[in-house]
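S.K.: Turn this into a structure:
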Amino acid sequence: MKSQHPIFDTHAHYHDSRFASPDTGLPQVNELLNTLFTTEISHIINVGTDIPHSKSAIALAEQYPDMYAVVGMYPGSCPLPFDEGQMEDIIAQFAEMLDHEKVVGLGEIGFDFHYDDVPHDIQKLWFDRQMRLAKEKQVPVVIHDREAHGAVMDMIAAHPDVRGVLHSYSGSAEMARQLCDRGWMISLSGVVTFKNARQTVEVAQTVPLQHLLIETDAPYLTPHPHRGKTNHSGYLVHTAARIAEIRGISEEEVRDITRENALRFFGIKKRPTFR
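M.R.: Now for the predicted structure:
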């Protein structure tokens with residue numbers, strides 16, 4: 001039975017190969033999604049990380065009326081060695097994908113300074129080029145920021161006409177305030193349920209509700225009490241419940257506010273069920 005307060009999962013990777021593994025203990029991905037969409041979940045945004053995964057994200061979104069896709073080049077996926085001609089060819093492919101009716105943004109793009117797979121200067125070239133594409137196509141961006149808060153803020157400042165969301169936000173409450181002042185969104189994941197997540201809890205306490213989104217990052221970042229299992233959108237109930245506890249409001253309010261925020265931010269029209 002469909003929940004009266006369904007949840008919008010703004011960031012997942014259902015095309016990820018982990019969902020095809022029998023070791024997860026989960027049903028096949030289509031069976032899982034059919035169950036999720038008929039119970040707790042209103043919408044899911046499937047997020048690409050390169051050309052093949054972006055195409056897969058779109059293909060899966062085409063199968064479900066309430067699944068959408070975001071396409072882009074993840075910082076750890078940037079091709080090496082850097083070739084400007086190759087980059088422009090890939091950007092042209094992303095530009096074409098952004099015209100698809102089920103594609104609602106560009107991402108996940110950004111910086112990842114935790115790993116050394118791709119030099120920072122090459123990540124910067126790709127990040128900057130994709131921010132320019134977002135401005136050209138007038139679409140929001142989905143930002144990956146790992147141990148690169150200052151560099152991310154510098155890139156955002158360099159592109160004042162672009163708006164987006166920092167997914168699975170890991171920065172400070174002050175940085176979140178600055179982003180919200182610029183019109184950006186903050187998305188919280190299952191990390192907010194972790195016992196050692198003091199900074200994320202502070203963000204959940206203080207971020208303006210009209211700038212808040214929630215996500216799974218499935219199959220990653222599984223919330224407590226299911227840590228160690230493969231994450232999926234059904235576990236987003238725990239993230240919503242924890243934010244409600246932190247804010248001192250009802251879980252239904254968190255679900256409804258973040259769902260309406262996501263519909264508005266990504267420009268998705270409400271289906272009759274949610275009017």
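S.K.: Please count neighbours and contacts with C-alpha atoms only from this point.
M.R.: Will do.
S.K.: and the lengthiest strand in the chain, how far from the chain's centre?
M.R.: If you go by DSSP state E, the chain has its longest strand at strand 103-112. Put simply, strand 103-112 sits 8 Å off its chain's centre (Cα atoms, centre = their mean, to the nearest Å).
S.K.: In the sheet, which strands lie alongside that strand, parallel or antiparallel?
M.R.: Paired neighbours of strand 103-112 in the sheet (DSSP bridges): strand 67-71 (parallel), strand 141-146 (parallel).
S.K.: Pull out the buried positions in the last one.
M.R.: Which is strand 141-146. Neighbour counts over strand 141-146 (16 or more other Cα atoms under 10 Å) mark 141-146 as buried.
S.K.: One more: the shortest one?
M.R.: By neighbour count, and taking 16+ other Cα under 10 Å as the criterion, the buried residues in strand 67-71 are 67-71.
S.K.: residues near Gln130, how many?
M.R.: Residues contacting Gln130 under the criterion other Cα atoms under 10 Å number 22.
S.K.: that older thread, minimum distance to Asp112: which of the strands paired with strand 103-112 has it?
M.R.: Of all those, strand 141-146 sits nearest to Asp112, with 4.7 Å by Cα to Cα.
S.K.: For the closest one, which outside residues touch it?
M.R.: 70, 74-75, 105-114, 131, 134, 152, 162-170 (Cα atoms under 8 Å, 6 or more residues apart in numbering).
S.K.: what's the burial count for Ala92?
M.R.: For Ala92, using other Cα under 10 Å, the count is 13.
S.K.: Is it located within a helix, as I assumed?
M.R.: Yes: secondary structure of Ala92 (DSSP: H, G, I helix; E, B strand; the rest coil): part of a helix.
S.K.: And it, how far from Arg129?
M.R.: 11 Å (Cα to Cα, to the nearest Å).
S.K.: Also Val207?
M.R.: 29 Å.
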